[in-house]
Structure formats: structure tokens, C-alpha cells
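Trainee: Sequence and predicted structure, then a few things I'm wondering about:
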Amino acid sequence: MLSNLPLEIILKVFGYLSAEDKLQLAQVNQTLGSAFVYHSEAKYKRLSCYLYTGYELSVILPLCGSNIYKIDISEELTEKTAELITKYCTNVESATLEIRHQMFNACKGILSIKSLSSIYLVNGDYREPDMLQYFNPNCRVLTLFDLSNVQSQNLRRLIHLEDLDVAPFDYLTDMLKICSHLKKLRCLKLTYCKLTQEEDFLYPELETLQVSYSKIYSDLPRCPNLKQLSLILNEYHNSVKIINFIVKYATTLERLVITIAYDEHHPFTAHNLLDALRECTNLQFLHINCFLLKNLLSENVETFIKVLKANCFDAQRRFVLEVSQTALWALVSV
């Protein structure tokens, strides 16, 4: 009988079988099931559920579930498959999901798996306010697409978050206030938000802050450890000065990304950029628009070089300049 053969022989037999036959053989008894797990260990560590039928998953998940550390369930999910994932994938660390209203109940158990520390979620059409209430409270990395204002209020309960990326389906408000409750945040990326708060919020551990395609009416939060600031195609109120955002983090900032659509009512000039470089003596990387580069290197190149020299850049210690969204890189040495 096959089950009585040495493991190395059984594994060789599995090696000659088709994927369908392997699954059939794995269900014969516990010994062959264990051999299948050993044979397939690397294959199912990262599982994309949409690549398999419901039947295949009904075999794979009970046998290999504990070995899965990353799972992608972005397609339609049945309640049976969701139950199997919740029951057997007890060590999964990362999950990618697309939530729709008719399948949300099936996803609740998955979102609350205790080992789940990283969640990438696209909210298809679920608009109820309770969505985030089912997330594992120990989640550390979270990416959310199409979040609503009402749903965003529950972000504050995820106090162990270290990395948060939010892109709503409509402009979010109060995000700086909500996220200020997340004291462990090290990276915060906000897209399509409306920043209007007048309070001075503190983010004690934040090292990376990115604000994109947003409407900015107020100051940015205090971040005593901020190393990277990205301001990408935002709209700024007339009273808001971009230069003040940059200088605010002058003592710690190492990387700056700034892309703006030129607006004669709210310009950010090469002179502003030079002022920022003078203040940010630890800055080592800069990403800017082409028109800023043109003004910087054609009209202010000598001043630019003097500022870099004053900040101790030379042929050995180089300042990195990246331009717009092109593949152009300039390594500027003085």
C-alpha cells in the first residue's frame, strides 16, 4: 500500500502526478495528506484563491492552511471558503481582499484572524459604518481604498497601526484628528482628503508623511521624527504656505517629494525651494516638477550649488535629485 512506503518514495510519486491527481491522493488518508503538505509546502505559502476552484480550496485549505502566510482573496468569496480560511489559516500574516456588500458577512472572520498583521482592502460597495470594527485590533499595516467618512471614524480603534494608507471614494475629513490617536504610526499616506483642522496634533513616531490629491486648508501635524515628506498635486488654501510645511520638519527631514500644478495665485518657486534646502540641512533626496527644475538649474544654479556645499555635499556625499514622473535621475555633486 502506498501509505506504507517511505516518505521519500511517496514524495517522488507526488512529483509525477497532475495537480488534480495530487489533490485526490491527498484525501485518501492522513499519511498521504501529510505527504502532500510536505510536498506542496512552498507552493501554498502565498495563496491566490482566485486561481483555484472551490473544490481545490476545500482540499488545500484544511491541509495546508497553517503554512499559508499571505493570501489573496480579491475575487468573489463563498461563505464555505471564508469559513475554511478562518478556521485553518491560523498563521496568515497578510491578506488582500475586495469587499462587496453581499460577501461582507463571509469576510468578517477573515479580517479578525489574530495573526493577521497586514491588510490590503478594496471596498467595492460596502457603505455600512461597522466595517473596521471586525479588523484584527493588532493589525500593523493597513491599506484602504474607497473608505467613507463614517467608516473612517473606526480607524482610531486600531491603535497598533504602524503603516496606514487611505484612499477614499470621496474627500475624507477629520483624518488628522482620527489618526492622531494612532500613536505607533510610522508611515501615513493620505489621498483625497480635506485637511481643515486647526488643532496642533502630535504624531510622535511618524517618519513618513504623504499627502496626495488633497485639499489643504490648515497646518500639518507635529512630527518630531519625520524623515520623508511627500506633497503630491494638492490644492492649497491661499493662507497656506508650502514652504512652512517643509521648514517645520527641517531638523529631521531627509527626503522631500513635492509636485504641484503651477498656480499663479499660489506659486511655489525655485526661491522657495532654495530657502527650504537652506533650512533642511539633513535633506539628501529631492523629487520635484520639471518647471521647478528648470528654474532651479537655469536661473539659480550657482545658488543651488552654494547651498549644497553649505550642507556638506561633495563628490563623495551626493545629493540625489529626481525629476517629475520620468526616468530622469540627476546625481548632483559639487
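Mentor: Cool, the structure landed.
Trainee: Where does pLDDT dip in the stretch 51-200 of the chain?
Mentor: 75 (pLDDT under 70).
Trainee: Okay, helices next: where are they in it?
Mentor: 54-64, 79-88, 104-111, 149-152, 175-179 (DSSP state H, counting those that start in this stretch).
Trainee: for these, which one ends up most surrounded?
Mentor: Highest mean neighbour count among the helices of the stretch 51-200 of the chain (mean count of other CB atoms under 10 Å): helix 175-179, with a mean of 20. All C-beta atoms are positioned from the backbone trio N, CA, C, and that covers glycine.
Trainee: which helices and strands sit right next to it?
Mentor: Using 3 or more CB pairs under 8 Å, 6 or more residues apart in numbering; DSSP states H and E as the contact test, the elements touching helix 175-179 are strand 193-195.
Trainee: Residue 29 touches residue 1, doesn't it?
Mentor: No: applying CB atoms under 8 Å, one finds residue 29 not in contact with residue 1, separated by 9.4 Å.
Trainee: neighbour count winner among the two?
Mentor: residue 29 (13 against 7; other CB atoms under 10 Å).
Trainee: Let me see the contact set for the nearest residue to residue 114 once chain neighbours are set aside.
Mentor: Distances taken as CB to CB, 6 or more residues apart in numbering put residue 136 closest to residue 114, at 6.2 Å, once the chain neighbours are dropped. Going by CB atoms under 8 Å, 6 or more residues apart in numbering, residue 136 touches 111-114, 116-117, 119.
Trainee: Swap in 10 Å and give it another go.
Mentor: Going by CB atoms under 10 Å, 6 or more residues apart in numbering, residue 136 touches 95, 110-117, 119, 142, 158, 160.
Trainee: can you check residue 283 too?
Mentor: Counted by CB under 10 Å, 6+ apart, residue 283 has contacts 227, 229, 246, 249-250, 252-256, 276-277, 308, 311, 313, 319-320.
Trainee: filter those to the buried ones?
Mentor: Burial by neighbour count, 16 or more other CB atoms under 10 Å: within those this picks out 227, 229, 246, 249, 252-253, 255-256, 276-277, 308, 311, 313, 319.
Trainee: just curious, which of those is nearest to residue 18?
Mentor: Nearest to residue 18 out of those is residue 255 (CB to CB; 50.1 Å).
Trainee: Helices of the stretch 201-334 of the chain, start to end?
Mentor: 242-248, 270-279, 290-298, 301-310.
Trainee: Write down the beta-bridge partners of residue 141, one by one.
Mentor: residue 118, residue 163 (DSSP bridges).
Trainee: ok so, going back, of the helices of the stretch 201-334 of the chain, which shows the lowest average pLDDT?
Mentor: Among the helices of the stretch 201-334 of the chain, helix 290-298 carries the lowest mean pLDDT, a mean of 75.
Trainee: gap between the two ends of stretch 175-183?
Mentor: The first residue of stretch 175-183 is 14 Å away from its last residue (CA to CA, to the nearest Å).
Trainee: begin at 342 from here
Mentor: Yes, from this point I'll number from 342; that puts the last item at stretch 516-524.
Trainee: How is this protein partitioned into domains?
Mentor: As given by automatic domain parsing, the domain ranges for the chain are 342-381, 581-675.
Trainee: Reformat those domains as TSV; add distance to residue 528.
Mentor: Shown next, in TSV, are the domains of the chain (distance: least, CB to CB, whole Å):
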stretch	distance to residue 528
domain 342-381	35
domain 581-675	12
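Trainee: what about the ones you listed, which gets the closest to residue 406?
Mentor: domain 342-381 (9.8 Å).
Trainee: buried ones in the closest one?
Mentor: Neighbour count says domain 342-381 has 351, 354-355, 363-364, 366-367, 373-374, 376-378, 380-381 buried, by 16+ other CB under 10 Å.
Trainee: what do you get for stretch 629-640?
Mentor: 629-630, 633-634, 636-637.
Trainee: Touching it from outside, list them.
Mentor: 574, 597-603, 609-615, 618, 627, 642, 644-646, 662-667, 669, 671, 673.
Trainee: Same question for stretch 414-423.
Mentor: So stretch 414-423 is contacted by 388-393, 395, 398-399, 402, 425-426, 436-441, 443-451, 461-463, 465 (CB under 10 Å, 6+ apart).
Trainee: Could you do stretch 357-375 as well?
Mentor: Contacts of stretch 357-375 (CB under 10 Å, 6+ apart): 342-346, 348, 351, 354-356, 376-378, 380-381, 384, 393-394, 396-397, 399-401, 403-405.
Trainee: what mean pLDDT does that stretch have?
Mentor: Averaging pLDDT along stretch 357-375 yields 87.
Trainee: OK, contacts around residue 616?
Mentor: Residue 616 neighbours (CB under 10 Å, 6+ apart): 584, 587-588, 610, 648.
Trainee: Neighbour-wise, give me the winner out of these.
Mentor: Neighbour counts for the contacts of residue 616 (other CB under 10 Å) peak at residue 587, which has 24 neighbours.
Trainee: check contacts around the closest residue to that one other than its chain neighbours.
Mentor: What sits nearest to residue 587 in space, not counting adjacent residues and going by CB to CB, 6+ apart, is residue 617, at 4.3 Å. For residue 617, the contacting residues are 583-588, 591, 594, 597, 599, 609, 624, 627, 648, by CB under 10 Å, 6+ apart.
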